[in-house]
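Undergrad: sequence unknown, structure follows:
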Ligand SMILES: Nc1ncnc2c1ncn2[C@@H]1O[C@H](COP(=O)(O)OP(=O)(O)OP(=O)(O)O)[C@@H](O)[C@H]1O
């Protein structure tokens, strides 16, 4: 099992941010995590990466039960996290290749001498993610879509068991978004690692994300097979406005009913 949360609650500054969260991810499953602004998605991810400890309940991530003695650093080496916070820390002068290589050490910047195996793996990832042609270009000169690919490559360098993509299409135009989604689909089709794809956008729930969790006001509003969760009636209740969901080519689209 990749993840097991039981009756998890998180209280910060006297306020419950997460409550009664139950969530299991089996090996090889890929999940979409959908929630509006302030739903608690970031707080939940921070907990999965052991930056926050649960106030109540049990958290088990990749076979590690959270307790007083959990080593956050060790756990984080097994989780590939792609988020805007990490992206902002990357040195703009490092090349795409160096950024991907740095993932082997889970460091920002390269301080250790990579092995030949690491170099081969980084080159392979550059190819798989379509980054090869700009491998030697500094990170700051890359487009948003290119940077995002590099960040995913960096996360995959550590051969994580869980890959968390936190709103990876933010700031991308339609073409770049679809291209990135295609790459994500390719990674997901390999089964390992399991992916949690965090988004506000229903249209980004690719067929590979066959499970969806809806988070609302810090609690699980619904979870299960995406086809059963992403429906007009469920999402109308979830968003609190009447919406119409249509499935086309195994991808959902949504619009507000007039
Ligand atoms: N450390 C903290 N202390 C106090 N309140 C917090 C803390 N972290 C988050 N919150 C609050 O918890 C709620 C959920 O925040 P969170 O950032 O997890 O939402 P989100 O679903 O990620 O939203 P968005 O989509 O806008 O990023 C918000 O009301 C936020 O202000």
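TA: Received, thanks. Every value quoted in this text rests on a predicted model; they were computed, and no experiment measured them. Numbering: from 1, shown residues only.
Undergrad: so what's the residue of the stretch 51-200 of the chain at minimum distance from the ligand up against?
TA: Nearest residue of the stretch 51-200 of the chain to the ligand: residue 200, at 6.2 Å (C-beta to the nearest ligand atom). All C-beta spots, glycine's among them, are computed from the backbone N, C-alpha and C. Contact analysis of residue 200 by C-beta atoms under 8 Å, 6 or more residues apart in numbering lists 34-37, 167.
Undergrad: Residue 17 now?
TA: By C-beta under 8 Å, 6+ apart, the neighbours of residue 17 are 10-11, 40, 43, 218.
Undergrad: quick one: which helix or strand includes it?
TA: Following DSSP states H and E, one finds residue 17 within strand 15-25.
Undergrad: Which SSE is immediately downstream of that strand?
TA: strand 30-35.
Undergrad: Skip the chain neighbours and tell me the closest residue to residue 215.
TA: Using C-beta to C-beta, 6 or more residues apart in numbering and skipping residues adjacent in sequence, the residue nearest residue 215 is residue 35, 3.8 Å away.
Undergrad: Would you confirm that residue 84 contacts residue 167?
TA: Yes - under the criterion of C-beta atoms under 8 Å, residue 84 makes contact with residue 167 at 7.3 Å.
Undergrad: Most neighbours out of the contacts of residue 200, which is it?
TA: Counting neighbours by other C-beta atoms under 10 Å, residue 34 comes out on top of the contacts of residue 200 with 29 neighbours.
Undergrad: how much space is there between the nearest residue to that one once chain neighbours are set aside and residue 122?
TA: Excluding its sequence neighbours, the residue lying closest to residue 34 (C-beta to C-beta, 6+ apart) is residue 214, at 5.4 Å. The gap separating residue 214 from residue 122 is 37 Å, by C-beta to C-beta, to the nearest Å.
Undergrad: Which of those two has more residues huddled nearby?
TA: residue 122 (26 against 23).
Undergrad: I would like the residues contacting whichever helix or strand that one is part of, please.
TA: Assigned by DSSP H and E, residue 122 falls within helix 116-128. For helix 116-128, the surrounding residues in contact (C-beta under 8 Å, 6+ apart) are 96-97, 100-101, 104, 114, 131-132, 135, 153, 156-157, 183, 186-187.
Undergrad: hmm, which two among these are most spread apart?
TA: 114 and 186 (24.4 Å; C-beta to C-beta).
Undergrad: Of these two, which one has the most company?
TA: residue 114 (17 against 13).
Undergrad: how about that one, what does it touch?
TA: 101, 104, 122.
Undergrad: Can you give me the pLDDT of it?
TA: pLDDT for residue 114: 92.
Undergrad: residues from the stretch 1-150 of the chain in reach of the ligand?
TA: 12-13, 17, 35, 37-43 (C-beta under 6 Å from any ligand atom).
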